[in-house]
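K.L.:
3D, please:
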Amino acid sequence: MLFVISPTLVIYIGKVSPTKRGFFCNDPTILYPNLETTLPSWLVAAIAFTISAALFIVTEVLQYRRALGQGVVIPNKDVCCCSVNPCLYSIFSFYFMMLFGSLITQSVTDIAKYSSGQLRPNFVKSCQPSVELSSCSDGQYITNFTCLAVDQMEEYELRTSFPSAHASGAAFAATYLSCYVQQRVPRFDYTYLVKHVIQFILICMAWFCGLSRVMDNKHHPTDVLAGFTIGTVVALLCVSTYTVALLCVNADTVALLCVSIDTVALLCVSTYTVALLCVNADTVALLCVSTDTVALLYASTDIVALLCVSTGTVALLCVSTYIVALLCVSTYTVALFYTVALLFALYTTKKFTNPFITTHRVVNREYGTCSSSSDLDTDEMTQTSYLKTINQI
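P.N.:
Numbering: from 1, shown residues only. Below you'll find the model as predicted:
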């Protein structure tokens, strides 16, 4: 925990100065008026951790009571040689993970703030730089100045616009709690839409927190967008084994990406098999790749489309309840095919047999005629070759 928060401690305790950047005297992005802060940092943190504590306590108590009602025996957890109630253990586990992720978010944000040194939109009005802006030429870049209206720490604060710490913290809390609600809140008849309502409220609160920084002239829109990105990414990386990242999945929903210990989605890899599986109530789409077989299967209630490719066979088959397409094979079709082939073979044999017999007439000696041995050999060889051809057919 100390290692995670160490960058922030070094920055604030050591009074590290941010990157000192100048400004253009005619830059309109830093000439906004100074306004009061709508949501102070302490208020954002208090709201986030209060809501999270309430959600964790209510949800885990409901889960624990539901398990006991179903006759499930949940043993106590051993923590530092102490036996802890599993309900309390779950509450503190999720709360600790959220605190840990919040510290990571703050450290990443502070490192970016002090490295970039981006000036806030109200920099000129709050700083009152020791230069005459009305007399400077257009495009002049001013670096040698001091702030006359604020002290050193306040000047540091005016130089740390990118990214927004309010936006990153709010995005982390909203994303983490939304995933937690989706995965852990038990489903009852009256909670089917409650989960989505809670998620909607959390996202709207985080969105308003980020937009308030733009309205108060404390951050640029890009600062808020970067803060949202940092908070969301850290929240998805800090989910525990009971929380699903990227797209939350419960027993009734299969999303594009499902990550947990017991759930495999989008990509399942074993020693010999790579499977892409997307399943809902009526549809199964499967891509299965093994050492010798590639099969693509789309199955619904009435339609099966199969492409099966193996080492020696390629077959394309489209079958529905009432339609057989591309390949139609039945007992009568096969019989008809072989019958036509046999008749064609017999017809061909009858047609081409007589010419070989009558072309070279062979007359026995008793009739007074004879044929040369070469002619006889030619006839026999021709007939033999023809019979071999017929047998091959």
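K.L.:
okay but residue 169 is in contact with residue 101, surely?
P.N.:
No. In this structure residue 169 lies outside contact range of residue 101 using C-beta atoms under 8 Å: 10.0 Å. Every C-beta, even on glycine, is put in place using the N, C-alpha and C of the backbone.
K.L.:
contacting residues for residue 5?
P.N.:
103, 106-107 (C-beta atoms under 8 Å, 6 or more residues apart in numbering).
K.L.:
would you reformat the residues you listed as JSON lines and include neighbour count?
P.N.:
Shown next, in JSON lines, are these (neighbours: other C-beta atoms under 10 Å):
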{"residue": "103", "neighbour count": "19"}
{"residue": "106", "neighbour count": "21"}
{"residue": "107", "neighbour count": "20"}
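K.L.:
filter the residues you listed down to the ones in helices?
P.N.:
Among the contacts of residue 5, the members falling in helices (DSSP state H) are 103, 106-107.
K.L.:
can you pull out the strands in the protein?
P.N.:
Residue ranges of the strands in the chain, as given by DSSP state E, are 23-24, 77-79, 82-84, 141-142, 268-269, 274-279, 284-289, 294-299, 303-309, 314-320, 324-325.
K.L.:
tell me the phi and psi of the nearest residue to residue 215 once chain neighbours are set aside?
P.N.:
Spatial nearest neighbour of residue 215, excluding adjacent residues (C-beta to C-beta, 6 or more residues apart in numbering): residue 38 at 6.9 Å. Reported as degrees, to the nearest 10, the phi and psi values for residue 38 are phi -70, psi -50.
K.L.:
and residue 38, what pLDDT?
P.N.:
We have a pLDDT of 94 for residue 38.
K.L.:
what is the burial count for it?
P.N.:
Close neighbours of residue 38, defined as other C-beta atoms under 10 Å, add up to 15.
K.L.:
ok, it - contacts?
P.N.:
Counting by C-beta under 8 Å, 6+ apart, residue 38 makes contact with 212, 215-216.
K.L.:
now, of those, which are buried?
P.N.:
Neighbour counting over the contacts of residue 38 (16 or more other C-beta atoms under 10 Å) leaves 212, 216 as the buried ones.
K.L.:
quick one: which of the contacts of residue 38 sit in helices?
P.N.:
Of those, the ones assigned to helices by DSSP H are 212, 215.
K.L.:
tell me the one of the contacts of residue 38 nearest residue 97?
P.N.:
Taking C-beta to C-beta as the measure, residue 97 lies nearest residue 212 of the contacts of residue 38, at 27.0 Å.
K.L.:
that closest one and residue 41 touch, don't they?
P.N.:
No. Contact criterion C-beta under 8 Å: residue 212 and residue 41 do not qualify, at 11.9 Å.
K.L.:
give the residues shared as contacts by the two.
P.N.:
Shared contacts of residue 212 and residue 41 (C-beta under 8 Å, 6+ apart): residue 166.
K.L.:
where does pLDDT dip in the stretch 151-300 of the chain?
P.N.:
Within the stretch 151-300 of the chain, the stretches with pLDDT under 70 are 188-191, 240-300.
K.L.:
for residue 138, see how far away residue 226 is.
P.N.:
Applying C-beta to C-beta, to the nearest Å, the value for residue 226 to residue 138 is 29 Å.
K.L.:
which one of those two has more residues nearby?
P.N.:
Taking other C-beta under 10 Å, residue 226 and residue 138 do not tie; residue 226 has more neighbours (21 against 7).
K.L.:
now do the contacts for the closest residue to that one other than its chain neighbours.
P.N.:
Residue nearest to residue 226 in three dimensions, not counting chain neighbours: residue 163, with 3.6 Å by C-beta to C-beta, 6+ apart. Residues in contact with residue 163 (C-beta under 8 Å, 6+ apart) are 109, 112-113, 223-224, 226-227, 229-230.
K.L.:
those in helices, which ones?
P.N.:
Using DSSP H, the members of the contacts of residue 163 that fall in helices are 109, 112-113, 223-224, 226-227, 229-230.
K.L.:
just name the closest of the residues you listed to residue 345, please.
P.N.:
The closest of these, once distances to residue 345 are taken by C-beta to C-beta, is residue 229, at 74.6 Å.
K.L.:
returning to that earlier point: relative to residue 133, which of the contacts of residue 38 is nearest.
P.N.:
For these, the closest approach to residue 133 (C-beta to C-beta) belongs to residue 216, at 22.7 Å.
K.L.:
please name the residues that touch that closest one.
P.N.:
By C-beta under 8 Å, 6+ apart, the neighbours of residue 216 are 35-38.
K.L.:
ok, the closest residue to residue 66 other than its chain neighbours to residue 163 distance?
P.N.:
In space, and not counting its chain neighbours, residue 66 is closest to residue 186: 5.5 Å by C-beta to C-beta, 6+ apart. Residue 186 is 37 Å from residue 163, where distance means C-beta to C-beta.
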